[in-house]
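S.K.: can you look at this prediction? I've put the sequence above it.
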Amino acid sequence: MFRISLYLSIICVLVLFSSCDRKDSAGAVPIKIKRFDLDLRKFDTTNFGISEKTMIQKYGDVYTFYIEKLMGLGSIDAKNSYYYRPHLSNFLSEEYPSIMDTLDQNITPKVLEIEKELGICYHHLSKYFPEKKTSTIYSFFISPNGANPISAFSYGEDTIGFNWFNYLGKNFSLYKTIYEGYSYMIEWNQRDYLARNIMLVEYNLIREKQAAKEVHSELIYAMLEKGKEFYYLDKICPDMKDAVKIGYTEAQMKWCEENEYEIWAYFKENKVLYSTEVMVLKRMTEEGPTTPGMPSESPGMVGAWTGWQIIKAYQSRANKPLKELLAASPKEILKQSNYKPKKQ
């Protein structure tokens, strides 16, 4: 009888989760990535004028932005001495085909899945920020030798672009050479990071429109401001792994969780929480292979991770709407959080 009851309980739980997932998917915002990369693949350099006209008709100044600002191939103005046509022709005939073949093998079959994931994130974003217009999303291939080979970026207020080259998987052969000396960064070049990076671009756009933030130069307040970013991802991307939100491996995430008390003790004992030294802030809140001063197993920006935990402690008491939390004073957050990690 016990086994039957247990079996029925499991079935009920599975049905509940399934219905929640369907509800979440049903509310998803329809997202269709504009495949600039695919249209550029069709570019016929033997009929350059016609191909260029087609791209401009479809993409307008996004085409110019790609050529001039993202790739740095020169001005599309024929009067400019560094005219871009020969440079684009070489790029499309040499580098572009091989990368697009890799994209076809690793990413193309997952595009619908990616669009669905983004749609769910935008569904949550619209709940917390109903005034925020859903961005138009463009996909590009930007060469690592380009002028701005960034993983995701904004173009205006409601347009976001991303670079497929940054999501080809950590086993992609070229990453070892590109990130030589910075191998920890290879972890971030996975498809799981795409929605995260796009939602962080949206975070920056939202923050730009909020009232001017208080200016604090102390480490603890910088930690809390970084913590707000990850708490925002908690709400906007609830199905995303915590390790992906902050850019850690699962082992690094586990290390932080198991050493939360010791991390906080380190900050207090070394009297750095209210340090205003720029290098201290950088070491504790910016990305890196490890956090200087802490054990070698520690990931980078442990200060940012701690700020995230303080934000969660504060929200467990204050439960502010997300918009209000992002605008909240870090001084008040610290004061009211009553953050006291337990020793394991």
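M.R.: Sure thing, it's come through. Numbers count the residues shown, from 1 in each chain.
S.K.: can you give me the strands in this structure?
M.R.: 136-140, 152-154, 159-163 (DSSP state E).
S.K.: need those in a markdown table with mean neighbour count and mean pLDDT, can you?
M.R.: For every residue, glycine as well, the C-beta is placed using N, CA and C. Shown next, in a markdown table, are these (neighbours: other C-beta atoms under 10 Å; pLDDT from 0 to 100):
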| stretch | mean neighbour count | mean pLDDT |
| --- | --- | --- |
| strand 136-140 | 20 | 98 |
| strand 152-154 | 19 | 97 |
| strand 159-163 | 21 | 98 |
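S.K.: which one of those lies nearest to residue 271?
M.R.: strand 152-154 (37.3 Å; C-beta to C-beta).
S.K.: sorry, back to before: and of the strands of the chain, who's closest to residue 290?
M.R.: Comparing these by C-beta to C-beta, strand 152-154 comes nearest, at 25.1 Å.
S.K.: so which elements touch that closest one?
M.R.: Here strand 152-154 touches strand 159-163, helix 193-209, going by 3 or more C-beta pairs under 8 Å, 6 or more residues apart in numbering; DSSP states H and E.
S.K.: quick one: low-confidence parts of the stretch 151-300 of the chain?
M.R.: 211-213 (pLDDT under 70).
S.K.: rewinding a little: make JSON lines out of the helices and strands packed on strand 152-154 and add distance to residue 323.
M.R.: Shown next, in JSON lines, are the helices and strands packed on strand 152-154 (distance: least, C-beta to C-beta, whole Å):
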{"stretch": "strand 159-163", "distance to residue 323": "20"}
{"stretch": "helix 193-209", "distance to residue 323": "8"}
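S.K.: okay, these, which one's buried deepest?
M.R.: A comparison of these by mean neighbour count, using mean count of other C-beta atoms under 10 Å, puts strand 159-163 on top with a mean of 21.
S.K.: quick one, what contacts the closest residue to residue 77 other than its chain neighbours?
M.R.: Spatially, and ignoring its direct neighbours in sequence, residue 77 is nearest to residue 83 (8.0 Å; C-beta to C-beta, 6 or more residues apart in numbering). Under the criterion of C-beta atoms under 8 Å, 6 or more residues apart in numbering, the neighbours of residue 83 are 74, 75, 77.
S.K.: what's the neighbour count on the second one?
M.R.: The local packing count at residue 75 equals 14, with neighbours defined by other C-beta atoms under 10 Å.
S.K.: roughly how far does the closest residue to it other than its chain neighbours sit from residue 193?
M.R.: Distance criterion C-beta to C-beta, 6+ apart; nearest residue to residue 75, sequence neighbours excluded, is residue 68 at 6.1 Å. Per C-beta to C-beta, to the nearest Å, residue 68 is found 27 Å from residue 193.
S.K.: check residue 256 too.
M.R.: 19 Å.
S.K.: can you put the strands of the chain in CSV and add distance to residue 268?
M.R.: Listed next are the strands of the chain as CSV, based on distance: least, C-beta to C-beta, whole Å:
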stretch, distance to residue 268
strand 136-140, 43
strand 152-154, 36
strand 159-163, 40
